[in-house]
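**Student:** Got a predicted structure plus its sequence, pasted below:
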Amino acid sequence: LGLLVPSYRDNEMRSLQPLTFLYAPKGSGQYTERVRQAAENAGARISYETEVTRLIMDGRRVTGAEIRKGDFREIRPLDFFISTIPLPSLVKMLESIADSETMDAARKLRYRALVFVNLFINRSQVYRDQWVYYSDPAIPFIRVNEYTNLGPKFSPPGQTVLQCEVSCFTGDDIWSASDQYLAEICLASLENLGLVNRDEVFHSTVARQSTAYPVFDVGCEAKLKRVLGFTDKLEEVFTLGRQGRFEYINMDECVWQATACYAEIAHREEQGP
């Protein structure tokens, strides 16, 4: 599958030996691909590049959703609505039944963004480990991932990729910087650290994630309690995941949340109306 599973036993946790993990040979995308295939085989219809713009509610029960794909719009009936979008975005779609205090609390929940700078290198390996964290303010990235270290199928023979994670906020100077600039500042830092030679790098790509980390600033606990107190009381609406629950959780915990959600829906369907 694609779950990260530590190889140590409880009585070995004090050891300083490196951990090893079970990981899909071509990345965690294999896990979601298998889930997609199973869902479609069971009759699910998956729509890509489609935005849910509004939820249709009957009191506190969801009955439908307004969707948009390009210029096409329609309202589709729903039995259940499962959301993994950022919690403030979900509440915005429910403004017809949300009180002003809940709307205000949701707007004040913030997320830290990430820019992923991928540097393609003509070398088989740079780091010994798969990820390395950095906390020096002079270094633009907070973490570097070398996925080649997870398995031989992640890169062609003799080549590797370093993924530099640069934290920022949506719309700030880093977020708005050109891909070329972002690649240059990451490469320059790796050169200064003595890890990479410039002539080894033959390509770069950049991707952006606007809601990578929930920001736990002062007062966010009360805001989150109010927002989840509202969404958790909705009927047949489920909000899951790091963005959907405003929790700092990892992939395995997201999978467990999804599993629990499925079990709850199956139980409700067995009970009937």
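**Tutor:** Cool, the structure landed. Residues are numbered from 1 along each chain as shown.

**Student:** going forward, measure contacts and count neighbours with C-alpha atoms only.
**Tutor:** OK.

**Student:** Tell me where the protein has helices.
**Tutor:** 29-41, 87-92, 100-107, 173-176, 179-192, 220-231, 241-245, 251-271 (DSSP state H).

**Student:** So which of those is nearest residue 211?
**Tutor:** helix 241-245 (6.9 Å; C-alpha to C-alpha).

**Student:** how about the closest one as PDB, C-alpha atoms only?
**Tutor:** Provided in PDB are the C-alpha atoms of helix 241-245 (Å, rounded to 0.1, in the frame of the first residue of the first chain):
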ATOM      1  CA  GLY A 241      -8.100  15.300   7.100                       C
ATOM      2  CA  ARG A 242      -5.400  17.900   7.900                       C
ATOM      3  CA  GLN A 243      -7.300  20.700   6.100                       C
ATOM      4  CA  GLY A 244     -10.800  19.500   6.900                       C
ATOM      5  CA  ARG A 245     -10.200  19.100  10.700                       C
END
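
**Student:** Which strands and helices lie in contact with that helix?
**Tutor:** helix 87-92, strand 201-214, helix 251-271 (3 or more C-alpha pairs under 8 Å, 6 or more residues apart in numbering; DSSP states H and E).

**Student:** neighbours of the nearest residue to residue 64 once chain neighbours are set aside, just the number please.
**Tutor:** Spatial nearest neighbour of residue 64, excluding adjacent residues (C-alpha to C-alpha, 6 or more residues apart in numbering): residue 77 at 4.0 Å. For residue 77, the neighbour count with other C-alpha atoms under 10 Å is 12.

**Student:** residues contacting residue 77?
**Tutor:** Neighbour list for residue 77: 63, 64, 65 [criterion: C-alpha atoms under 8 Å, 6 or more residues apart in numbering].

**Student:** Bridged to the last one, which residues?
**Tutor:** Beta-bridge partners for residue 65, by DSSP bridges, are residue 55, residue 76.

**Student:** what about it, distance to residue 237?
**Tutor:** 12 Å (C-alpha to C-alpha, to the nearest Å).

**Student:** Please say which of those two ends up with more neighbours.
**Tutor:** Counting neighbours by other C-alpha under 10 Å for residue 65 and for residue 237 shows that residue 65 has the greater number, 20 against 16.

**Student:** list the contacts for that one?
**Tutor:** Contacts for residue 65 (C-alpha under 8 Å, 6+ apart) come out as 52, 53, 54, 55, 56, 75, 76, 77, 78.

**Student:** one more time with 10 Å, if that's ok
**Tutor:** If a contact means C-alpha atoms under 10 Å, 6 or more residues apart in numbering, then residue 65 has 51-57, 74-78, 81, 93 as its contacts.

**Student:** cool, residue 267 as well?
**Tutor:** Counted by C-alpha under 10 Å, 6+ apart, residue 267 has contacts residue 261.

**Student:** Which pLDDT does the model give it?
**Tutor:** Listed pLDDT for residue 267 reads 91.

**Student:** Please apply the same query to residue 273.
**Tutor:** With respect to pLDDT, residue 273 has a value of 65.

**Student:** Residue 24 now?
**Tutor:** Residue 24 carries a pLDDT value of 83.

**Student:** any weak-confidence spans in the stretch 1-150 of the chain?
**Tutor:** For the stretch 1-150 of the chain, the stretches flagged by pLDDT under 70 are 1-21.

**Student:** change it to 80
**Tutor:** 1-23 (pLDDT under 80).

**Student:** quick one: the strands in it?
**Tutor:** 51-58, 61-69, 72-77, 81-83, 111-121, 131-133, 143-145 (DSSP state E, counting those that start in this stretch).

**Student:** looking at those strands, which is buried most?
**Tutor:** Counting by mean count of other C-alpha atoms under 10 Å, strand 111-121 has the highest mean neighbour count of these, with a mean of 22.

**Student:** what's the most distant pair in the contacts of residue 65?
**Tutor:** 51 and 57 (17.6 Å).

**Student:** what's across from the closest residue to residue 182 other than its chain neighbours in the sheet?
**Tutor:** Distance criterion C-alpha to C-alpha, 6+ apart; nearest residue to residue 182, sequence neighbours excluded, is residue 117 at 6.9 Å. Residue 117 has these beta-bridge partners by DSSP bridges: residue 164, residue 206.
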